[in-house]
Structure formats: structure tokens, C-alpha cells
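Novice: model this:
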Amino acid sequence: MLFRRIVFAALLVGALSGLMLSAVQRWQVVPIIEAAERYEQARTPQAGGAAGEAAHPHEGAGEHAHAAGHEHAADAWEPAEGVERIGFTVLSNVLVGIGFALVMLAVMSVALRRGAVSGRKAMAKLNWRHGLLWGLAGYAVFFVAPALGLPPEIPGSVAAPLESRQVWWLLTAACTAAGIALVVFGKSPWRWAGLALIAVPHVVGAPHSGMSPFVGFPPEMAAEMATLAKQFVWASAIANGVFWIVLGISSGWAAQRFVKKAVA
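Specialist: Numbering: from 1, shown residues only. I've put the predicted structure just below:
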């Protein structure tokens, strides 16, 4: 019964948050990506070599996606422009939303069960307000902390090797999540060590290519790309913020509406 309720709630929450993310992306993020892709296609032939072979991650469904990035092989399949591309983007965003909602609702159900057993009212009364805090924590873990070292990058920009970026992103997300959990749920003064844990990946340092992100572009075009890159960071931050706020609030509401009945 509890499992079915969590899955049903996650489907609703994931669909809502994924659709909201897609709407904000279409409004703010996609135009920047399309502009950057036009510059990338118009890049001079001298831009080959290292710059042409470098990976260029696109903004995806939540911060989790942007830092990991993806590389385009010469023969890699891509959805056609227009309805097909929009449809696959919406589908991927909804699936990511459902995945995160499953995790969040599962953790919330554990909190509800512990609250029912221990009599802690804060846990037993989990609602959309608590969900907002959970969503902000997810935003910090999966977007803000990784973006401090690896900001979202537009197409055409030079990046460090994909594997090293993925490893650093995973390390940052794990350390941030563990650090926040230690600070919030820890009982002893040692819980403040969580702040040091959050700082570890940034002390280690994020991997970078060591060259200009727009090497191979003419100066005027590189300046335009730099402007687009700054806009892209802010647009990605807003899109992911909306995603996590909607995900958190709706997860808190769904936990109270559907999950709590099976836990109590």
C-alpha cells in the first residue's frame, strides 16, 4: 500500500515539476541554446582541433544534468528540430522529475514514520511548507553547489574531459547532501563539521580545460558567446530553481495527502 501511494504521488509530482521546468526552459533557456548553436555552426574552420573536439554540455532537466554534460559523436542520433526535440525534452524532464520525486517522497515517508513513532510533531506534520525547505535543499545539492565550480555551459564552449567533470559533480552533490543532512539532523556539536564537508569539493577544485572557453571564435563572436554564457547561467539557475521549488512543495503536499495515511 505504501509503495503504491509513493509511486502514484511521484508520478503526479514528477509530471507537474517536469512540465513546469519545460515551460521555463522554453521561455528562458532554449532561446539562448539556439543562439549559441547558430554561433557554433558559423564558427571559423580554424576552430577545429582541440576546441572542435571539446565537449559542450547543454542545460537539461535540473542541475544535476548540466554539470555532467554530454558529448556529441559524429554519428550520434539527435531528435529533429521542432516538435520532436521539444517532445523529447519534455519527456526527459518529466522522467527526471519522477525520479527525484520518488527519492524525496521515500525519504519523507521515513521521516513521517519516525515522527509517528517518536511523537515528534515537526515530522508528523510534514506539509508543503516543509516540502519547500526540502526542495531548496535539493536545489542546493544538485544545482547551486555544482554550479559554483562548473557553471552551466552553452554549446560551442570548451570544457574539461567529460569523465573528470562527472566525477567532480558526483563528489560535490554527495558532499553537499551529506553536509546538509549532518547540520540539520545532527545532535552533537560535531554536526557543524558538515560545513567543512560541503567545502571539500571546492577546496579540491573543479576540473577545467585550461584554455579560453571560446577558443577558435573570432573576437566579436567570442564576446557575443561570453554574453550568452552569462545569460545561460542565470536562466539555468531560474529554471532549476522553479523545478526544485515546485518539486519540494508538491512533494510535501503529496506526502501529507497520500503517503501519511499509509504510514500512520
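
Novice: please count neighbours and contacts with C-alpha atoms only from this point.
Specialist: Noted.

Novice: shaky segments in the stretch 151-264 of the chain?
Specialist: The stretch 151-264 of the chain contains residues with pLDDT under 70 at 261-264.

Novice: helices along that one, start to end?
Specialist: In the stretch 151-264 of the chain, the helices defined using DSSP state H, counting those that start in this stretch lie at 162-185, 193-204, 219-254, 260-263.

Novice: out of those, flag the one nearest residue 131.
Specialist: Taking Cα to Cα, helix 219-254 is the member of those nearest to residue 131, at 4.1 Å.

Novice: from the helices of the stretch 151-264 of the chain, which stretch is densest packed?
Specialist: Comparing the helices of the stretch 151-264 of the chain by mean neighbour count (mean count of other Cα atoms under 10 Å), helix 219-254 ranks first with a mean of 21.

Novice: buried set for stretch 200-217?
Specialist: Neighbour counts over stretch 200-217 (16 or more other Cα atoms under 10 Å) mark 201, 206-207, 213-217 as buried.

Novice: ignore what I typed, I meant stretch 4-22.
Specialist: Under the neighbour-count criterion of 16+ other Cα under 10 Å, stretch 4-22 has 5-22 buried.

Novice: which ones among those residues lie within helices?
Specialist: Residues of these located in helices (DSSP state H): 5-22.

Novice: pretty sure residue 21 is touching residue 243, no?
Specialist: Yes. If you go by Cα atoms under 8 Å, residue 21 and residue 243 touch, sitting 5.2 Å apart.

Novice: which elements pack onto the host helix or strand of residue 103?
Specialist: In the assignment (DSSP states H and E), residue 103 maps to helix 83-118. Judged by 3 or more Cα pairs under 8 Å, 6 or more residues apart in numbering; DSSP states H and E, helix 83-118 is in contact with helix 2-24, helix 121-124, helix 219-254, helix 260-263.

Novice: out of these, which is closest to residue 32?
Specialist: When the helices and strands packed on helix 83-118 are compared by Cα to Cα, helix 219-254 sits nearest residue 32, at 6.4 Å.

Novice: run the chain-centre distance for that closest one.
Specialist: Centroid displacement of helix 219-254 relative to its chain, using Cα atoms, centre = their mean, to the nearest Å, is 9 Å.

Novice: same check, this time on stretch 173-189
Specialist: Stretch 173-189 sits 20 Å away from the centroid of its parent chain (Cα atoms, centre = their mean).

Novice: got the contact list for it?
Specialist: 137, 140-142, 145-146, 191-198, 200-201 (Cα atoms under 8 Å, 6 or more residues apart in numbering).

Novice: how about these, which pair is most distant?
Specialist: Greatest spatial distance in the contacts of stretch 173-189: 146 and 191, 22.0 Å, computed using Cα to Cα.

Novice: higher neighbour count, the two?
Specialist: residue 146 (28 against 16; other Cα atoms under 10 Å).

Novice: which element is that one on?
Specialist: If you go by DSSP H and E, residue 146 is part of helix 145-149.

Novice: that helix: which residues count as buried?
Specialist: Of all the residues in helix 145-149, those buried under the rule 16+ other Cα under 10 Å are 145-147, 149.
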